[in-house]
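S.K.: The following block contains a protein sequence and its predicted model.
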Amino acid sequence: MIGKLLKGGGIKKRLIITCVLLSIVPMVVMGYISYYESSSMLLEQTLGEMRSLTEKAVENLENQFTIYRMQMNHLLLPFKMVMDMIQVGMEIDQGNKESLTNELSKFQRDYPYYVKVRLFDATGNEKFAYPTGQGPGQNEGGSPWFQRALASQEVVFSEMLLTKDVPEPVVIMTKTVFDQTGKASCVLAVYISGKGVMGSIDKIKVGREGYAYVVNKDGFVIAYPDKAKILQLNLTSYPFGKEMLQKKRGMVEYTWEGAEKIASFTEYPAMQWIVAASVKKSDILSTVNRMQNIFYLLAVVMAAISFAVAVFISLRIVKPINHAISGLTESSYQVAAAAKQLSTASSSLSEGASRQAAGLEEASSSLEEMSSMTKLNAENSRQANLMMEETGRIVEEANDAMGELNVSMGEITAASEKTAKIIKTIDEIAFQTNLLALNAAVEAARAGEAGAGFAVVAEEVRNLAMRAAEAAKNTENLIAETVGKIKA
C-alpha cells in the first residue's frame with residue numbers, strides 16, 4: 001500500500017515525504033537534546049548522591065573507630081590486675097584467667113565483631129588469649145602492627161590483614177600500657193572482624209546494581225561485594241585504581257567486566273583508605289533510556305499519523321493539480337504543433353523568396369544582356385543611318401554627275417555589293433535582337449507581375465528589330481535591283 005502511494009516521482013511523493021519529515025525531524029532533534037540534557041543532569045545528580053554516600057561512609061567509619069577506641073578503654077578495666085602482675089613479672093594464675101574468660105564471653109556476646117582478644121608482654125610473648133587456642137600463641141614481637149603499638153600511647157589500628165589464628169580478614173586494635181618509668185610493659189590486642197568494620201560499607205547500594213568498596217593504601221580491596229576478592233584484587237593494576245590512589249578524592253569513569261562504570265571516591269585519612277561508590281552507567285541512564293524508547297515509539301506513531309494525513313492531503317490537492325498539469329501539457333503540445341506548422345510555412349516562404357530572388361537575378365542578367373544588345377543595335381542603326389546618308393549623297397552626286405556614272409558604275413556596283421553585305425549583317429543583327437527580345441518576353445512572363453514592365457520593353461525592342469530587319473530587306477532588294485539594272 002505504502003509502496004503504491006510512493007511509486008514514481010511526482011508531487012504526491014514529495015508532499016508525503018515533506019510532511020513526514022516535518023513531523024519527525026523536530027521530534028528527533030528535540031528528543032536528542034532532551035536525552036542529552038537529561039542524561040547529563042541525571043549523571044550529575046547521581047554523582048552528587050554517590051559523593052554524599054562516600055562522605056557519609058567515611059564519617060560512619062570515623063564514628064565507628066571512635067566507638068572502638070572507647071570500647072578498648074572500657075575493655076582495659078578487667079585486665080588491670082593481670083597487667084600489674086605482668087609488670088612485676090608474675091604469671092597469670094588460673095583464677096584470673098577464668099575470670100577474664102567470663103568477662104570476655106559476656107563482652108563478645110554484646111559485641112560479636114570482636115573475634116579474638118590477646119594480651120602480650122613488651123617482648124611480644126602471648127600471656128593470655130580468648131578464645132583460648134591450642135598451645136601457646138606465637139610471638140608477635142616482630143609484627144608491624146605490634147611495633148606500631150609499642151611506639152604509641154594511643155589506641156592503634158592495623159591495616160586489614162589475614163592471620164593464622166583467625167579464618168577471616170581482621171583489623172587489630174592495640175593499646176600499650178606503660179609503667180611509671182614510661183617503659184612499655186604489656187600490649188592488649190583486640191581482633192575486629194573485617195565484616196564488622198566494613199558492615200556499613202557493605203550496606204551501601206547505588207541504583208539497582210551499584211555498590212561501595214574500600215581500597216587500602218597499597219591498592220588491595222578490603223571491602224567488596226565478592227568476598228573472595230578481598231585482599232586478593234589489587235587495583236593498582238588498573239589505570240582507574242592508580243588514579244584513585246593518586247587523587248584521593250573525585251570521580252572516575254572506567255570499564256569493568258565489560259560494563260562502563262562511574263565511581264565517586266573519598267579518602268578516609270585516619271586509615272589512608274579510599275572509599276568508593278560505583279555504579280554502571282546503564283543503570284543510571286535506565287530511566288532516560290526508557291524515556292528514549294517511549295519517545296522513539298511516539299516518533300513512529302507520529303510518523304504514521306503524519307503519513308496518513310499527508311496521503312489524505314495529497315489526494316485532495318494532487319488530483320486538481322494533476323488535472324491542471326494535464327491541461328497545460330496538452331496546450332503545450334498544441335502550441336508546439338502550431339509552432340512546427342509555422343516553422344514549415346516559414347521555410348516554404350523562405351524557399352519561394354529564394355527562388356524569386358534567383359529568378360529576378362536571372363531576369364536582371366537578361367536585361368543587362370538585352371541592354372548591351374540594344375546599345376549594339378543602336379550603334380549599328382547609327383552606322384546604318386550614316387551609311388544611308390552617304391548613299392543619298394552618292395545618289396545625289398550621281399544625279400549631279402550622271403556623266404561620270406558610266407565611269408564610276410563599276411565602283412558603284414562594288415560599293416552596292418558591300419552595302420548588300422552590310423545590310424545582310426544588319427538583318428542578322430535584327431534577327432538576333434528579335435530572338436533576344438523574344439527570350440526576354442518569355443522570362444518576363446515567367447516573372448509574373450514583377451516582369452510585366454520588362455515584357456513591354458522586350459516587345460518594343462522586338463518590334464524595332466522586326467522593322468529594322470524589314471527595312472534592311474527592302475534596302476537589300478533595292479540595291480540588288482539597282483545592281484541588276486546597272487549590269488543590264
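M.R.: Good, I have the coordinates.
S.K.: Please, where are all the strands along this structure?
M.R.: 114-121, 126-130, 156-157, 170-178, 184-193, 205-206, 210-215, 221-223, 250-256, 259-268, 273-280 (DSSP state E).
S.K.: End to end on stretch 197-204, go ahead and measure it.
M.R.: By C-alpha to C-alpha, to the nearest Å, the extent of stretch 197-204 from end to end equals 14 Å.
S.K.: now it, how far from the centre of its chain.
M.R.: Offset of stretch 197-204 from its chain centre (C-alpha atoms, centre = their mean, to the nearest Å): 52 Å.
S.K.: what does stretch 146-160 give?
M.R.: For stretch 146-160, the distance to the chain centre is 67 Å (C-alpha atoms, centre = their mean).
S.K.: Quick check: end-to-end length of it?
M.R.: 14 Å.
S.K.: re the thing from before, what about the strands of the chain, which gets the closest to Glu62?
M.R.: Closest to Glu62 of those, according to C-beta to C-beta: strand 259-268, at 7.2 Å. Every residue, glycine included, has its C-beta placed from N, CA and C.
S.K.: and the direction of that closest one versus that of strand 250-256, what angle?
M.R.: Angle, strand 259-268 to strand 250-256, by axes from the mean of the first three to the mean of the last three C-alpha atoms, to 10 degrees: 140 degrees.
S.K.: before we move on, back to that, can I get the strands of the chain in JSON lines including mean pLDDT, mean neighbour count and distance to Met244?
M.R.: Formatted as JSON lines, these follow (pLDDT from 0 to 100; neighbours: other C-beta atoms under 10 Å; distance: least, C-beta to C-beta, whole Å):
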{"stretch": "strand 114-121", "mean pLDDT": "94", "mean neighbour count": "21", "distance to Met244": "30"}
{"stretch": "strand 126-130", "mean pLDDT": "92", "mean neighbour count": "19", "distance to Met244": "38"}
{"stretch": "strand 156-157", "mean pLDDT": "96", "mean neighbour count": "21", "distance to Met244": "21"}
{"stretch": "strand 170-178", "mean pLDDT": "95", "mean neighbour count": "22", "distance to Met244": "21"}
{"stretch": "strand 184-193", "mean pLDDT": "95", "mean neighbour count": "22", "distance to Met244": "25"}
{"stretch": "strand 205-206", "mean pLDDT": "88", "mean neighbour count": "17", "distance to Met244": "16"}
{"stretch": "strand 210-215", "mean pLDDT": "94", "mean neighbour count": "24", "distance to Met244": "7"}
{"stretch": "strand 221-223", "mean pLDDT": "95", "mean neighbour count": "24", "distance to Met244": "11"}
{"stretch": "strand 250-256", "mean pLDDT": "93", "mean neighbour count": "14", "distance to Met244": "6"}
{"stretch": "strand 259-268", "mean pLDDT": "94", "mean neighbour count": "20", "distance to Met244": "5"}
{"stretch": "strand 273-280", "mean pLDDT": "94", "mean neighbour count": "24", "distance to Met244": "5"}
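S.K.: Adding distance to Glu362, write these out as JSON lines.
M.R.: What follows is these, written out as JSON lines (distance: least, C-beta to C-beta, whole Å):
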{"stretch": "strand 114-121", "distance to Glu362": "140"}
{"stretch": "strand 126-130", "distance to Glu362": "149"}
{"stretch": "strand 156-157", "distance to Glu362": "135"}
{"stretch": "strand 170-178", "distance to Glu362": "133"}
{"stretch": "strand 184-193", "distance to Glu362": "135"}
{"stretch": "strand 205-206", "distance to Glu362": "113"}
{"stretch": "strand 210-215", "distance to Glu362": "112"}
{"stretch": "strand 221-223", "distance to Glu362": "120"}
{"stretch": "strand 250-256", "distance to Glu362": "103"}
{"stretch": "strand 259-268", "distance to Glu362": "101"}
{"stretch": "strand 273-280", "distance to Glu362": "106"}
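S.K.: Alright, calling it a day.
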